[in-house]
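A.B. asks: Can you look at this prediction? I've put the sequence above it.
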Amino acid sequence: DIQMTQSPSSVSASVGDRVTITCRASQGISSWLAWYQQKPGKAPKLLIYAASSLQSGVPSRFSGSGSGTDFTLTISSLQPEDFATYYCQQANSFSPTFGQGTKVEIK
Amino acid sequence: EVQLLESGGGLVQPGGSLRLSCAASGFTFSSYAMSWVRQAPGKGLEWVSRISGSGDSTYYADSVKGRFTISRDNSRNTLFLQMNSLRADDTAVYYCAKTISPGDHSKTFDYWGQGTLVTVSS
C-alpha cells in the first residue's frame, strides 16, 4: 500500500494566519491526491481534488499544489470555521489511503 | 441533492456479524463506484472496501479481506457491507462515500453519509 505522511500533526494558529500542511506519498501518485476537512462528529468534506482543483462551494482561501510525492494544502487566511482536522488521501492505487491527519487549533 | 444515509450499526459481540446499508439518492447510483470508509474512535480515516457501479468488481483493505463483503442493489439505490467475524479493532464509525466521477476508476470521494457506529465488545 502507498503510505501517506502528513506534517505537522497539529498546528496552532490565529484567525487571519496563513497555514500550510504538507503530505508526502511513499511512491509517486502523479496528481491523484485529495484533501478533506473534518469537524468533530461530522463526516469528512472534500476540499481539493486532483491535487489542485477546488471542489465546488469551497472558499478560494483553500488551495492545493504538488505532484509526484509531495503535496501542500494552504489556507491563505484562516477563518474561525476552518478549525478542524485535515486529511490528505491518495487516489492512485486500488487501495486508497489517507494521511494520519493534521489538527488545526486555535492559538 | 445527493444524500447518503447509513443504517445498521450497533453493538455486537466479538465473532458476530452485522450488515450495514447505505441508501443513496440525488444521483444516478448505478453510474458510480461506491466505497465504505471507517474511523475508529479518536483515530484517522481508513478505506475499507469499494464496489464498481455494476457491482461486478470489488476491492478490500487487507484488514477486512475474507471477513467483509461489499454489495449493491442498483434497483433500490442501496449499498451494503456484510461484516462477519467481527473483532474489537473493527469498532468504528462506518461511512459510505460516493466517488466524484462516474465510472469505476475514481477513488476521490465527494459525498459522504453521516456515518453509523459499529461497536464490537463483549
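C.D. replies: Sure, I can see it.

A.B. asks: what's the residue closest to the geometric middle of the chain?
C.D. replies: Chain wasn't specified; assuming chain A. The structure's chain A has its C-alpha centroid closest to residue A:35; by Cα atoms, centre = their mean the separation is 3.8 Å.

A.B. asks: You answered for a different chain; I wanted chain B.
C.D. replies: The centroid of chain B falls nearest to residue B:36 when counting by Cα atoms, centre = their mean (2.7 Å).

A.B. asks: Show me what from chain A comes close to chain B.
C.D. replies: Counting by Cβ under 8 Å from any Cβ of the partner chain, chain A comes close to chain B at A:1, A:32, A:34, A:36, A:38, A:43-46, A:49-50, A:55, A:87, A:89, A:91-92, A:94-101. The C-beta positions use only the backbone N, C-alpha and C, and glycine is treated the same way.

A.B. asks: Pull out the buried members of those residues.
C.D. replies: Those of the residues of chain A next to chain B that meet the buried threshold are A:32, A:34, A:36, A:38, A:43-46, A:49, A:55, A:87, A:89, A:91-92, A:95-101, by 16 or more other Cβ atoms under 10 Å in any protein chain shown.

A.B. asks: now the helices for chain B?
C.D. replies: Using DSSP state H, chain B contains no helices.

A.B. asks: rewinding a little: report the beta-bridge partners for the residue nearest to the centre of chain B.
C.D. replies: residue B:49, residue B:96 (DSSP bridges).

A.B. asks: and it, what pLDDT?
C.D. replies: Per-residue confidence at residue B:36 stands at 98 (pLDDT).

A.B. asks: pretty sure it is touching residue B:20, no?
C.D. replies: Yes - between residue B:36 and residue B:20 there is a contact under Cβ atoms under 8 Å: 7.4 Å.

A.B. asks: which residues does residue B:69 contact?
C.D. replies: B:58, B:81, B:82, B:84 (Cβ atoms under 8 Å, 6 or more residues apart in numbering or on different chains).

A.B. asks: quick one: which of these is nearest chain A?
C.D. replies: Sorting these by distance to chain A puts residue B:58 at the head of the list, at 10.7 Å, by Cβ to the nearest Cβ.

A.B. asks: what residues does chain B put near chain A?
C.D. replies: For chain B, the residues in contact with chain A (Cβ under 8 Å from any Cβ) are B:35, B:44-47, B:50, B:59, B:61-62, B:95, B:100, B:106-110, B:112-115.

A.B. asks: In space, what's closest to residue A:27 - neighbours in sequence excluded?
C.D. replies: Leaving aside its sequence neighbours, residue A:27 sits nearest to residue A:2 (Cβ to Cβ, 6 or more residues apart in numbering or on different chains; 5.7 Å).

A.B. asks: Tell me the bridge partners for residue 70.
C.D. replies: All of this is about chain A. residue A:24, residue A:67.

A.B. asks: looking at chain B here, not the other one
C.D. replies: Bridge pairing for residue B:70 - DSSP bridges - gives residue B:81.

A.B. asks: Can you show me the strands along the chain?
C.D. replies: All of this refers to chain A. With DSSP state E as the definition, chain A shows strands at residue ranges A:4-7, A:10-13, A:19-25, A:33-38, A:45-49, A:53-54, A:62-67, A:70-75, A:85-90, A:97-98, A:102-106.

A.B. asks: Let me rephrase: I mean chain B.
C.D. replies: Using DSSP E, strands in chain B cover B:3-7, B:10-12, B:18-25, B:34-39, B:45-51, B:58-60, B:68-73, B:78-83, B:92-99, B:109-112, B:116-120.

A.B. asks: contacting residues around the fourth one?
C.D. replies: For strand B:34-39, the surrounding residues in contact (Cβ under 8 Å, 6+ apart) are A:96, B:20, B:22, B:24, B:45-51, B:70, B:72, B:79, B:81, B:90, B:92-99, B:107, B:109, B:112, B:115, B:118.
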